[in-house]
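A.B. asks: pasting the structure only:
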């Protein structure tokens with residue numbers, strides 16, 4: 001039973017929802033494609049309409065960092081958090097970018113370190129799976145890069161890692177891999193069959209040159225005048241102080257649909273992680289009780305860090321779970337948790353996602369997330 005009746009209205013008031021205006025685009029937004037990311041116009045709309053300059057904007061599941069970066073571009077303090085390591089790296093790069101000169105110096109140092117690095121021939125299964133994407137020459141460079149960058153959490157190294165994550169797979173002239181998806185890491189066995197069927201060639205790359213080319217492209221536009229913050233916390237236990245955030249715009253893990261660790265297994269491999277271990281730390285469950293408990297604790301944290309009178313917007317998708325593909329309106333599923341903690345629920349707006357804008361455009365019309373809803377929440381001033 002839901003705690004109260006919910007108002008459902010069209011999302012047409014959110015201007016330019018799925019088509020990005022040219023004045024909103026920024027070179028840094030193309031750093032890395034990642035599943036379930038906001039179109040730029042969504043955070044831009046909420047930031048401009050519900051905050052003022054100097055306010056603190058927070059995204060608890062920041063993904064590739066679109067929300068905090070757009071906050072910085074609009075002279076707000078942008079803060080992003082994500083438990084997934086590759087998402088944290090991407091967010092950090094957005095809120096704490098470096099100059100092209102700093103990148104060049106970093107690559108010079110990396111080149112020296114790579115030349116002194118031996119590659120262990122006794123590769124793991126993940127190493128062997130990763131090698132399927134690259135020519136022998138390219139893979140040797142990737143392995144050396146991986147080895148010298150693991151454990152280096154300096155600002156320059158994190159930014160460089162973010163560039164690499166965007167180049168590990170894709171079909172551009174600077175991508176290290178054979179032509180393949182840029183948004184998610186494809187399954188090794190599928191890649192083997194696809195390469196054989198289509199007679200694909202694995203390009204031979206100078207990876208440091210590719211990184212520099214990509215860095216120049218990403219840093220082509222002026223960076224925001226202020227910097228933000230990135231955290232790698234569990235969303236149920238945030239490092240932020242209580243009542244420190246003016247607005248929250250976030251999109252939690254989609255109930256029983258997305259397998260974030262597997263979708264980023266190659267990027268996680270490069271960072272030194274096994275996706276199976278990362279999967280255990282993330283909320284990837286189709287069980288209502290497990291997902292519900294996780295979201296209850298996460299919503300409690302959102303309420304805690306939000307200032308009285310602050311606004312919280314949660315974007316979730318309708319899903320179908322279980323053998324019988326039972327439809328679940330995730331927004332309404334979450335409403336009792338929002339109300340129990342003390343949030344005032346103003347309304348839910350809904351939007352139908354055009355098939356060309358869905359995460360996996362190759363799936364059939366009856367699959368995937370076709371409708372999203374945004375929960376409008378407010379924290380009472382007297383609390």
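C.D. replies: Great, that's in hand. Keep in mind that this is a model prediction, so the values were computed, not measured. Numbering: from 1, shown residues only.

A.B. asks: output the below-cut-off pLDDT ranges for this protein.
C.D. replies: Within the chain, the stretches falling below the threshold (pLDDT under 70) are 1-23, 256-258, 284-286, 321-325, 351-370, 383.

A.B. asks: list of residues touching the helix ranked longest in it?
C.D. replies: Selection of the longest helix in the chain by residue count, based on DSSP state H, yields helix 288-305. Contacting residues not belonging to helix 288-305 are listed as 58, 60, 235-238, 240-245, 248, 250, 252, 255-256, 283, 285, 312, 314, 333-334, 337-338, 340-343, 379 [CB atoms under 8 Å, 6 or more residues apart in numbering]. C-betas here are computed from N, CA, C, even on glycine.

A.B. asks: care to break the protein down by domain?
C.D. replies: Listed domain ranges for the chain are 8-97+222-378, 100-218 (source: automatic domain parsing).

A.B. asks: got a markdown table for the ones you listed, with mean neighbour count too?
C.D. replies: Compiled in a markdown table, the domains of the chain are given as follows (neighbours: other CB atoms under 10 Å):
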| stretch | mean neighbour count |
| --- | --- |
| domain 8-97+222-378 | 19 |
| domain 100-218 | 17 |
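
A.B. asks: ok so, going back, so which of the contacts of helix 288-305 sit within strands?
C.D. replies: 58, 245, 248, 250, 312, 314 (DSSP state E).

A.B. asks: was I right about the fourth one contacting residue 57?
C.D. replies: Same thing as residue 250. No: Residue 250 is not in contact with residue 57 according to CB atoms under 8 Å; the separation is 10.2 Å.

A.B. asks: what segments of the stretch 101-250 of the chain are helices?
C.D. replies: The residue ranges that make up the helices of the stretch 101-250 of the chain, judged by DSSP state H, counting those that start in this stretch, are 125-131, 136-149, 155-167, 188-198, 207-218.

A.B. asks: how far off centre is the first one?
C.D. replies: Spelled out, it's helix 125-131. 24 Å (CA atoms, centre = their mean, to the nearest Å).

A.B. asks: separation between the residue lying closest to residue 156 once chain neighbours are set aside and residue 314?
C.D. replies: Closest residue in space to residue 156, ignoring its immediate chain neighbours: residue 106 at 4.2 Å, by CB to CB, 6 or more residues apart in numbering. Noted for residue 106: a distance of 37 Å to residue 314, by CB to CB, to the nearest Å.

A.B. asks: then residue 196?
C.D. replies: Residue 196 sits at a distance of 44 Å from residue 314 (criterion: CB to CB).

A.B. asks: got a list of what the residue nearest in space to the middle of the chain touches?
C.D. replies: Closest residue to the average C-alpha location of the chain: residue 63 at 1.8 Å, with CA atoms, centre = their mean. The neighbourhood of residue 63, defined by CB under 8 Å, 6+ apart, consists of 34, 36-38, 82, 87, 90-91, 251.

A.B. asks: hmm, residue 186 is touching residue 180, no?
C.D. replies: Yes: Residue 186 is within contact range of residue 180, at 5.4 Å (criterion: CB under 8 Å).

A.B. asks: any residues in contact with both of the two?
C.D. replies: 169, 194.

A.B. asks: in the sheet, who's paired with residue 378?
C.D. replies: Beta bridges link residue 378 to residue 311, residue 344, judged by DSSP bridges.

A.B. asks: might one say that it is in contact with residue 343?
C.D. replies: Yes: distance between residue 378 and residue 343: 6.9 Å, which falls inside the contact criterion (CB under 8 Å).

A.B. asks: pull up the overlap in contacts between these two.
C.D. replies: Residues touching both residue 378 and residue 343 comprise residue 312, with contact defined as CB under 8 Å, 6+ apart.

A.B. asks: if I look at residue 382, how far off is residue 308?
C.D. replies: Distance check for residue 382 against residue 308: by CB to CB, it reads 7 Å.

A.B. asks: assign residue 347 to helix, strand or coil.
C.D. replies: When the structure is reduced to helix, strand and coil (DSSP: H, G, I helix; E, B strand; the rest coil), residue 347 reads as strand.

A.B. asks: that one and residue 376 touch, don't they?
C.D. replies: Yes: the criterion here is CB under 8 Å, and residue 347 meets it with residue 376 at 5.0 Å.

A.B. asks: can you tell me how far the closest residue in space to residue 235 that isn't next to it in sequence sits from residue 254?
C.D. replies: Nearest in space to residue 235, with sequence neighbours left out and distances taken as CB to CB, 6+ apart, is residue 298 at 4.3 Å. According to CB to CB, residue 298 stands 14 Å off from residue 254.

A.B. asks: show residues contacting stretch 94-114.
C.D. replies: Under the criterion CB under 8 Å, 6+ apart, external residues in contact with stretch 94-114 comprise 28, 31, 64-66, 68-69, 72, 78-80, 141, 144-145, 148-149, 155-160, 163, 208, 211-212, 215-216, 219, 223, 227-230.
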